[in-house]
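[1] Make a model of this:
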Amino acid sequence: MRYSTVLFDLDGTLTESGIGIRKCFDYALETLFPGKVWDEELFSGIIGPPLIWSCRETFGFDEETSHKAVALYRERYDRVGKFENRLYDGVEDMLEALHKAGIEICLCTSKPEHFAHDIIEHFGIMKYFTFAGGASSGEERNDKIAVMRYVLENIAEKDKSKILMVGDKHHDMEAAQLLGLDCAGVLYGYGSEDELMAYPHVILAKDANELKEFILK
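    Below is the predicted model of the structure:
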């Protein structure tokens, strides 16, 4: 097989997490700006990017407001939002098949690492992962490039030509390109085909089964 190690994004790649994420954003915004009506288009890109990035770049908040919004979001997310979520169809079968084939499976998510661990434990898929990396609670590891570097430092495979990144957003594709990894995009997540097509990729998979067959071929 071409790849010995596969890094997976979480939201929009392994799990359909949109409902919980949106509810947590709504909670944070309503707490900070009671009664304010937001343009619905602002919410179209909130799944995938780091929270602090969405607050700054999408909603245009200053630093203080951004950090308050993130704290409120995480307050609800930790209580209930992280489980308002489901595995995409075929994901567990794909992970099991890759694991049985001897491929090292790792998580590479911009979600805080402790939340990511809770989610993959909840869905019973932690057993397939040799390393599950996510963002730190502070500022030192809070974007996809920093998380990907962190994951690469903690895995056995050092030959980048044998490592594949899988994600659904341009942040995944861009980080993989900058760090010299092949990237596979998934079309069932929260990124658009045009968004993913703009970056080098080895496949744009329509579902988990197509992705599995590509990796195992």
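[2] how deep is F59 tucked in, by neighbour count?
    Applying other Cβ atoms under 10 Å, we find 19 residues neighbouring F59. Yep, even glycine has a C-beta here, placed from its N, CA and C like the rest.
[3] Surely it and L42 touch.
    Yes - if you go by Cβ atoms under 8 Å, F59 and L42 touch, sitting 6.3 Å apart.
[4] Provide a list of residues in contact with the closest residue to L14 other than its chain neighbours.
    The shortest distance from L14 to any non-neighbouring residue, by Cβ to Cβ, 6 or more residues apart in numbering, is to V91 (5.3 Å). When contacts are counted by Cβ atoms under 8 Å, 6 or more residues apart in numbering, V91 touches L14, T15, I125, A208.
[5] Distance of the residue in the chain sticking out farthest from the centre relative to L29?
    Taking Cα atoms, centre = their mean as the measure, the residue most remote from the mean C-alpha position of the chain is G35, 30.6 Å away. Applying Cβ to Cβ, to the nearest Å, the value for G35 to L29 is 10 Å.
[6] returning to what we had before: neighbour-wise, which of the contacts of V91 leads?
    L14 (28 neighbours).
[7] Now do the same contact list for L98.
    L98 touches V6, I105, Y128, K212, I215, L216, counting by Cβ under 8 Å, 6+ apart.
[8] where does it fall, phi/psi-wise?
    phi -70, psi -40 (degrees, to the nearest 10).
[9] Excluding its own residues, what touches the worst-scoring helix or strand of the chain on mean pLDDT? List them.
    When the helices and strands of the chain are scored by mean pLDDT, DSSP states H and E, helix 51-53 comes last with a mean of 88. With Cβ under 8 Å, 6+ apart as the test, helix 51-53 has contacts from S66, H67, A69, V70, Y73, R74, N142, D143.
[10] now do 10 Å
    Here helix 51-53 makes contact (Cβ atoms under 10 Å, 6 or more residues apart in numbering) with 21, 24-25, 28, 45-46, 61, 63, 66-67, 69-71, 73-74, 77, 110-112, 135, 139, 142-144, 171.
[11] Okay, and A97 sits in which element?
    helix 91-100 (DSSP states H and E).
[12] And E121, by the same measure?
    Using DSSP H and E, E121 falls in helix 113-122.
[13] which parts of that helix are buried?
    Applying a neighbour-count criterion of 16 or more other Cβ atoms under 10 Å, one finds E113, F115, A116, H117, D118, I119, I120 buried in helix 113-122.
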